[in-house]
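> Just a sequence and a predicted model for now, questions to come.
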Amino acid sequence: MAIITTDLSRPGAAHVDSYWAATAGEEVAGADPVRADIDTDVAIVGGGYTGLSAAYHLARDFGIKAHVLEANRIGWGCSGRNGGFASLGMGKHGYDGWAARWGETEAHRIFEMSRQAIELVDDLLKREAIDADRTPSGGLELAHKPNRMAALEAGAKRMRQLFNMDVKLLDRDALRRDFLDSREAYGAALQPDGFAIHALRLARGIARAAQKQGAHLHGASPVTGWTRDGAKHLLRTPGGTVRAKRVLIAANGYAGDKLHPSIDGRTLPVLSNIIVTRPLTLAERRSVAWQTYLKIWDTRNLVFYYRLLPDNRILFGARGGVEGTESEHRYRRAWMERRLKEMFPPLAAVEVEYFWYGWVCATYDKNPHIGSAEDGTVLYALGYLGLGVALANYAGQLVARKLGGDDSVNYGALLGSPLPRFPFPPLRRVYQRIAYSGFAMKDEWL
Ligand SMILES: Cc1cc2nc3c(=O)[nH]c(=O)nc-3n(C[C@H](O)[C@H](O)[C@H](O)COP(=O)(O)OP(=O)(O)OC[C@H]3O[C@@H](n4cnc5c(N)ncnc54)[C@H](O)[C@@H]3O)c2cc1C
C-alpha cells in the first residue's frame, strides 16, 4: 500500500503529457538546478502554487528572496495539471460542518477566507498580467439526480441570506435552454463566484512574477536529505546543499512520508483524472446545446467536473483509482470516455486526445492545514483536496506573511488546526477504498 512521492532519483522530469503542457508555451527561464552550496533565509520545498505564491509574496511584500527547490519542472505537480477551477470552499465539510465544529462566526470567516482566496488569484492574474485564459466569473453546480435539487436549493438560500450571494436555481429546461443539455443534469445552481484558468500558465505566470521580485527558482533540485546544523536546516540536493534558517514544505501530495516528521503519516495522495477531447464543431456543440465556458461540477461525492476550453474541447475530470497502476489508468481512461458519452450521447463519435492524472492531497480530517514545527523554523501548507487553485495560492500568501514577520496573520480555526496523523498510516489505502465504496454507493443509489 504505497504512498507515492515524486521520484527523487530522476530530477527534472518532464511534465505529464497534458493539454496544458501542450499549450502553455515556454518553460520558466532561469529556473536552473542548484549547482553549489547555498546559504539562505528561507528555502521552499516544492514549486507548485503554494511554494511559488509564498516565494512571490515573500519577495514582493517583505524583500525576502527565498530559494524554491523543485524536484522536476516548475509547476510539475498538481499545479500544472489540474482542471483549473478556482472555486469556493475549504475542505470537505461545508458550512454546516464548520458551524457544528467551530460555531457560526468562525464558519462565516472560513467562507470569507475562501472568497479571498479566489480574489487573490484574480488579483495575481491582473497585477502580473498573466495570460491564463480566465473564463467569465461563475459556475454551475449540476444536480446529478432529481433528489439533489433540494440540497442545491437549501445551499442557494443560505448563500443569499448569509453572504448576499446571488445564486440562481435553474430547472432542467432553463439549464438546457441557456447552458447545456446533459443526460445527467436535472437542474443546477448558478453561482456567481469563481472562474477557471489554464493551470500551467497560472503556475508559470506566478513563477515569473516571483523571479521578477527577486525570488530564486531551482528546477531539477529534489531535496533528498534533511538534517540540522545548529540553527540551520541542511537540505541536500544533487547539485549542492541548501542551508536555510527556515523551511517551507510546499510539496503537498508529492511529499511522501520521508521528507519531514511533521507531515509523516499525515497525507493521503488521491488520484484525480482528466480527459480532453478534440475541439467540438459548432454542430456538435449545438447537438448538446453547450453554450457556456463556465466551469461545471456536479453533486456527486466523487465529483465529476467539466468545462469547455477556449478552443471548444471538453475537459472532463473525475476521481477514481487508488494505487495508480498502469492497468488502473487504462481502465479509468476508458471509463471516463464511456461516462462522458453517456452524459452527452450525441458526442459519441468525438475522440479523446489527452488523458492524464495527478495526486491530490487529502488529510485525515479532509481539511487543508497550515502549521509549523521545530520552533517555528519549519512551516507546512497542504491538503487542499480539489480546491488548491485558489487555496494553495492563498496559503502561500499566508505563510509568506508569517515568515515575513507579520504577527497579525491568523490562519483561522480550520486552516490553523493541528494536522492529524492517520491512525495506523500503513492502512491509508484501505481507508480510502472503504470511503470510495461508500461514496460511490451514495452517488449512484441514494
Ligand atoms: C487532475 C487534477 C485536477 C485538479 N483540479 C483542480 C481544480 O480544478 N481546482 C482546484 O482548486 N484544484 C484542483 N486540483 C488540486 C490542485 O491542483 C492542488 O491542490 C494544488 O495545485 C496544490 O498545489 P501545491 O503547490 O501545494 O502542490 P503541487 O502543485 O502538487 O506541487 C508540489 C511540488 O512539490 C515537488 N516535490 C515533492 N517532493 C519534493 C522534494 N523532496 N524536493 C523538491 N520538490 C519536491 C513536486 O515535484 C511538485 O511539483 C487538481 C489536482 C489534480 C491532480
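Structure's in. What do you need? Residues are numbered from 1 along each chain as shown.
> Centre-most residue in the chain?
With distances taken as C-alpha atoms, centre = their mean, the chain has Gly388 as the residue nearest its mean C-alpha position (2.9 Å).
> In a strand, it, correct?
No. Using DSSP: H, G, I helix; E, B strand; the rest coil, the assignment for Gly388 is helix, not a strand.
> ok, it touching Asn252?
Yes. Under the contact definition of C-beta atoms under 8 Å, Gly388 touches Asn252, with a separation of 7.4 Å. Every C-beta, even on glycine, is put in place using the N, C-alpha and C of the backbone.
> Which strand residues bridge the residue nearest to Val303 when sequence neighbours are not counted?
Distances taken as C-beta to C-beta, 6 or more residues apart in numbering put Trp297 closest to Val303, at 5.4 Å, once the chain neighbours are dropped. Bridge pairing for Trp297 (DSSP bridges) gives the partners Glu141, Tyr305.
> Tally up the residues packed near Trp297, please.
21 (other C-beta atoms under 10 Å).
> which residues sit in contact with it?
By C-beta atoms under 8 Å, 6 or more residues apart in numbering, the contact list for Trp297 reads Phe85, Ser87, Gly139, Leu140, Glu141, Leu142, Val303, Phe304, Tyr305, Tyr306.
> quick one: pLDDT of the last one?
So the one you mean is Tyr306. We note a pLDDT of 97 for Tyr306 in this prediction.
> wouldn't Met135 be in contact with Ile296 here?
Careful, residue 135 is Thr and not Met. No. Taking C-beta under 8 Å as the definition, Thr135 is not a contact partner of Ile296, at 10.8 Å.
> what touches both of the two?
With C-beta under 8 Å, 6+ apart as the test, Thr135 and Ile296 both reach Arg307.
> and the ligand, which of the contacts of Trp297 reach it?
Among those, the residues lying close to the ligand (C-beta under 6 Å from any ligand atom) are Phe85, Ser87.
> Output the contacts of Trp297 in a markdown table; the columns should cover neighbour count.
What follows is the contacts of Trp297, written out as a markdown table (neighbours: other C-beta atoms under 10 Å):
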| residue | neighbour count |
| --- | --- |
| Phe85 | 24 |
| Ser87 | 23 |
| Gly139 | 26 |
| Leu140 | 23 |
| Glu141 | 23 |
| Leu142 | 26 |
| Val303 | 17 |
| Phe304 | 22 |
| Tyr305 | 24 |
| Tyr306 | 25 |
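> secondary structure element for the nearest residue to Gly376 once chain neighbours are set aside?
Closest residue in space to Gly376, ignoring its immediate chain neighbours: Arg246 at 7.9 Å, by C-beta to C-beta, 6+ apart. If you go by DSSP states H and E, Arg246 is part of strand 240-249.
> For beta bridges, what are the partners of the residue nearest to Gly376?
Val42.
> surely it meets Ile44?
No. With contact defined as C-beta under 8 Å, Arg246 does not count as touching Ile44 (9.6 Å).
> Helices along the stretch 151-300 of the chain, start to end?
Under the criterion DSSP state H, counting those that start in this stretch, helices of the stretch 151-300 of the chain are mapped to 172-178, 199-212, 282-287.
> what about these, which gets the closest to the ligand?
helix 199-212 (6.8 Å; C-beta to the nearest ligand atom).
> Name the residues that touch that closest one?
Defining contact as C-beta under 8 Å, 6+ apart, one finds that helix 199-212 is touched by 15, 18, 20-21, 24-28, 30-31, 47-49, 52-53, 55-56, 59, 68, 74-75, 79-84, 121, 124-125, 128, 130-133, 217, 389, 393.
> residue contacts, the residue in the stretch 301-446 of the chain that the ligand sits nearest to?
Nearest residue of the stretch 301-446 of the chain to the ligand: Gly388, at 1.8 Å (C-beta to the nearest ligand atom). If a contact means C-beta under 8 Å, 6+ apart, then Gly388 has Tyr49, Thr50, Cys78, Ser79, Asn82, Asn252, Val360, Cys361, Pro368 as its contacts.
> residues near the first one, how many?
Right, Tyr49. Using other C-beta under 10 Å, Tyr49 has 33 neighbouring residues.
> With the third one instead?
If you count neighbours by other C-beta under 10 Å, Cys78 ends up with 26.
> could you measure it against Ala244, distance?
24 Å (C-beta to C-beta, to the nearest Å).
> Would you confirm that Ala355 contacts Asn273?
That one is not Ala; residue 355 is Phe. Yes. Assessed by C-beta under 8 Å, Phe355 is found in contact with Asn273 at 7.2 Å.
> so the lengthiest helix in the chain versus helix 199-212, what angle?
Longest helix in the chain, counting residues (DSSP state H): helix 104-127. Helix 104-127 runs at 80 degrees relative to helix 199-212, counting by axes from the mean of the first three to the mean of the last three C-alpha atoms, to 10 degrees.
> Go through helix 104-127 and flag the buried ones.
Residues 107-111, 113-115, 117-118, 120-122, 124-125 are the ones in helix 104-127 that count as buried (16 or more other C-beta atoms under 10 Å).
> ok, now stretch 338-353?
Buried, per 16+ other C-beta under 10 Å, within stretch 338-353: Arg339, Leu340, Lys341, Met343, Phe344, Leu347, Val350, Val352.
> residue ranges for the strands of the stretch 1-150 of the chain, please.
Along the stretch 1-150 of the chain, counting by DSSP state E, counting those that start in this stretch, strands occupy 38-45, 67-69, 85-86, 139-142.
> In CSV, list these along with mean pLDDT.
Below are these laid out as CSV (pLDDT from 0 to 100):
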stretch, mean pLDDT
strand 38-45, 98
strand 67-69, 98
strand 85-86, 98
strand 139-142, 98
